[in-house]
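# Dropping the sequence and predicted coords here.
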There are 2 protein chains.
Amino acid sequence: MAAKLTDPDTPAGRGGAAAVLPAARRGAGAKSLDRRRVLGAAVVLIDEQGLRQLTMRNLGAYLGVDAMALYRYVPGRENLLDGIVESVIDELYGDPDVHMSAESENWQEYLRRLAHGVRRIALAHPQVFPLVATRPPAAPWVRPPLRSLRWMESFLDTLLRHGFSDVGAVASYRAFSSFLLGHLLLEVSALGVDTGPVEEVDPDQPRTRDLSSYPHLQRLEPALSEDHAAVEFDESLENLLTRLAEYASA
Amino acid sequence: MAAKLTDPDTPAGRGGAAAVLPAARRGAGAKSLDRRRVLGAAVVLIDEQGLRQLTMRNLGAYLGVDAMALYRYVPGRENLLDGIVESVIDELYGDPDVHMSAESENWQEYLRRLAHGVRRIALAHPQVFPLVATRPPAAPWVRPPLRSLRWMESFLDTLLRHGFSDVGAVASYRAFSSFLLGHLLLEVSALGVDTGPVEEVDPDQPRTRDLSSYPHLQRLEPALSEDHAAVEFDESLENLLTRLAEYASA
DNA sequence: ACCTGAACACCGTTCAAGT
DNA sequence: ACCTGAACACCGTTCAAGT
């Protein structure tokens, strides 16, 4: 009764469906469905075919089942999308590099590992990340992309234990979220995500835009096209950590 | 011939449809359609009813016309969405506070005015901004939310004229984009955007989540709910400007 | 208990037909 | 020249029916 609605951070939401329905996996083994398998298949389908190809009917076919059968495990498409976001963020819990840092070392190392863990998820699922970025959060003060009550609690706890004030820890959560969201959404979108179905290009049309009216763009296009995402991420992160250090002493 | 495809930054794309079809507005006046009117109505419809309500059929009805009539001005829904993003960003050109700063004062003031101009647009169209943030850009090196070749050129020109190196100006464009995207997407999503159709809430269910397992969240929820978006935006912006100043001397 | 088929109310889009 | 109607191939979702 404590876990109302479908709380993403409740144990049953973290792949605990098998615990609630222990008989579901017996017999035919991988054949029978459960919510976790449906969400996992949805993530794979998005990774392989893009967000637009995720329809109830396609997902059903992908699982070898009628589309309508999915409604037994997922109340509807909106809930499916929320579940996808949740299940992707949940991968953080399985990341040993992030997990080990929770109660160790200094807070800077914790934030570094956490940031890189989220970045690995974004790069592993570039087609899913826009969903992580833009789905309305469960509460208005939960900010993408770290949209998990459990990680928020861990974040605040770590900073508070290292001498951050209440307002400092809260301000740090906000700044950390902005940093991650801006950098990762741009990095992922530069990968050319979800440009729609097949985007047939007319080979007669010149492939490059006409930049003749923009001399700087023309000259700097090679520089603009270079990929420095990794080092920019690290440099921006270090700058952020320096800024946040002010809250640690206050 | 120079303006291939539908270049958003070509004069014809910036509300120049009336110049191409000067006869379109005669006679019945506001009655007859053109592309600019269709895009403008689409923005108003999204602002009023949310992104999900923007369908070809709804937009047609909103304009007092059959849905299929829209295809005379808009090649399809994807192009409509691109046009919406373009027309919203174009509002920057009409912002005197931004426009006057292009060749005046110092580069810091230019970036401040530009940033606040984009922020005003985001807050004026919170339901449209996720589209600005996530639509695939025209070229991979064009970064949301400042996704206009003309503004990119203006941005680079201003910084280069103030002594920035080439790589410094390019790095500044990237950092500026990340900053804007992260802050504005979070600010806009905190406004509770596009939670779907009407989101009927069961009044019997408790409205607040169960935070009993998260003591810090429970204690800090009031602090987390406070809105400091404006000052955080300004402080982050000033910090960014300080960082970018390194490129000015190099 | 779990899945299926038929059906409903929507979509985007094409195309011949109206005026 | 501009708009409309009918039609097609899809959606999400409900519900009675199958096994």
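Perfect, thanks for sending it.

# Nearest residue to the residue in chain A that chain B sits nearest to in space, please, no chain neighbours.
Chain B sits closest to A:Gly182 of chain A, with a gap of 2.6 Å, by Cβ to the nearest Cβ. The way it works is simple: take the backbone N, C-alpha and C, and place the C-beta from them, glycine included. Once flanking residues are discounted, A:Gly182 sits nearest to B:Gly182: 2.6 Å by Cβ to Cβ, 6 or more residues apart in numbering or on different chains.

# Give me the residues contacting the strand or helix carrying A:Glu48.
Using DSSP states H and E, A:Glu48 sits in helix A:35-49. Under the criterion Cβ atoms under 8 Å, 6 or more residues apart in numbering or on different chains, residues A:15, A:17-18, A:53-54, A:58-59, A:62-63, A:70, A:73-74, A:80, A:83-84, A:86-88, A:125, A:127-128 lie in contact with helix A:35-49.

# Also stretch A:70-86?
Residues outside stretch A:70-86 that contact it (Cβ under 8 Å, 6+ apart) are A:6, A:8, A:13, A:33-35, A:38-39, A:42-43, A:46, A:56, A:59-60, A:63, A:128, A:131-132, A:135, A:147-148, B:196.

# Whichever of those end up buried, select them in ChimeraX.
Entered in ChimeraX, the line below selects the buried ones among those, by 16 or more other Cβ atoms under 10 Å in any protein chain shown:
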select /A:8,13,33,34,35,38,39,42,43,46,56,59,60,63,128,131,132,135,147,148
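
# show me which of the contacts of stretch A:70-86 neighbour DNA strand C.
A:33, A:60 (Cβ under 7 Å from any atom of the strand).

# Show me where chain A has its helices.
A:17-20, A:35-49, A:56-62, A:77-89, A:96-99, A:107-124, A:129-134, A:149-161, A:166-189, A:215-225, A:229-249 (DSSP state H).

# Which of these sits closest to B:Pro215?
With Cβ to Cβ as the criterion, B:Pro215 lies closest to helix A:149-161 of those, at 7.8 Å.

# Isn't A:Ala190 up against A:His228?
No - judged on Cβ atoms under 8 Å, A:Ala190 makes no contact with A:His228 at a distance of 11.0 Å.

# Give me the more crowded residue out of these two.
Taking other Cβ atoms under 10 Å in any protein chain shown, A:Ala190 and A:His228 do not tie; A:Ala190 has more neighbours (18 against 13).

# if I look at that one, how far off is A:Ala122?
In this view, A:Ala190 and A:Ala122 are 12 Å apart by Cβ to Cβ, to the nearest Å.

# Over to A:Leu51?
14 Å.

# cool, A:Ala69 as well?
31 Å.

# Please say which of these two ends up with more neighbours.
Taking neighbours as other Cβ under 10 Å, A:Ala69 and A:Ala122 compare with A:Ala122 leading, 24 against 14.

# Next, the contact list for the more buried one, please.
A:Ala122 neighbours (Cβ under 8 Å, 6+ apart): A:129, A:132, A:145, A:184, A:187-188.

# go on, A:Ala124?
Neighbouring residues of A:Ala124 by Cβ under 8 Å, 6+ apart: A:Glu91.

# For the residue in chain A that DNA strand C sits nearest to, which non-adjacent residue is spatially closest?
In chain A, the residue that lies nearest DNA strand C is A:Asp66 (2.8 Å; Cβ to the nearest atom of the strand). Excluding the flanking residues, the one nearest A:Asp66 by Cβ to Cβ, 6+ apart is A:Gly60, at 5.6 Å.

# Verify the contact between that neighbour and A:Ala69 for me.
Yes - the criterion here is Cβ under 8 Å, and A:Gly60 meets it with A:Ala69 at 6.4 Å.

# how far does stretch A:80-96 sit from the chain's center?
Averaging C-alpha positions (Cα atoms, centre = their mean, to the nearest Å) puts stretch A:80-96 7 Å from its chain's average.

# give me the number of residues near A:Asp210?
17.

# what does A:Leu156 give?
23.

# Check A:Gln108 too.
Counted with other Cβ under 10 Å, A:Gln108 comes out at 17.

# From A:Ala61, how far off is A:Val74?
15 Å.

# Compare these two (neighbour count), which wins?
A:Val74 (20 against 13).

# Please tell me how far the more buried one sits from A:Arg35.
Distance, A:Val74 to A:Arg35, using Cβ to Cβ: 7 Å.

# do A:Phe129 as well
Counting by Cβ to Cβ, the gap from A:Phe129 to A:Arg35 is 22 Å.

# quick one: stretch A:115-131 to chain centroid distance?
5 Å.

# Can you mark which positions in that stretch are buried?
A:115-119, A:121-122, A:125-131.

# what does chain A put close to DNA strand D?
A:54-58, A:67-68, A:71, A:76-78.

# contacting residues around A:Ala229?
Per Cβ under 8 Å, 6+ apart, neighbours of A:Ala229: A:183, A:187, A:190.

# can you do 7 Å?
By Cβ atoms under 7 Å, 6 or more residues apart in numbering or on different chains, the contact set of A:Ala229 is A:Glu187.

# Would you mind giving me the confidence score for it?
On pLDDT, A:Ala229 comes in at 97.

# From B:Leu180, how far off is it?
On the measure of Cβ to Cβ, A:Ala229 and B:Leu180 end up 17 Å apart.

# now A:His162
Applying Cβ to Cβ to A:His162 and B:Leu180 gives a distance of 30 Å.

# same deal with A:Ser178?
Distance from A:Ser178 to B:Leu180, by Cβ to Cβ: 10 Å.

# next one: A:Arg135
21 Å.

# ok, now A:Trp141?
22 Å.

# for chain A, where's the lowest mean pLDDT among helices and strands?
None of the helices or strands of chain A scores lower by mean pLDDT, DSSP states H and E than helix A:17-20, at a mean of 31.

# What's the end-to-end length of stretch A:59-69?
10 Å (Cα to Cα, to the nearest Å).

# typo on my end, stretch A:70-77
So stretch A:70-77: terminal residues 10 Å apart, Cα to Cα.

# again with stretch A:84-95
End-to-end distance for stretch A:84-95, by Cα to Cα: 18 Å.

# same thing with stretch A:86-106?
28 Å.

# Buried residues in that stretch, which are they?
Using 16+ other Cβ under 10 Å as the test for burial, stretch A:86-106 gives A:86-92, A:95, A:98, A:101.

# from the residues you listed, which single one is nearest A:Leu211?
Of the buried residues of stretch A:86-106, the one sitting nearest to A:Leu211 (Cβ to Cβ) turns out to be A:Val88, at 37.3 Å.
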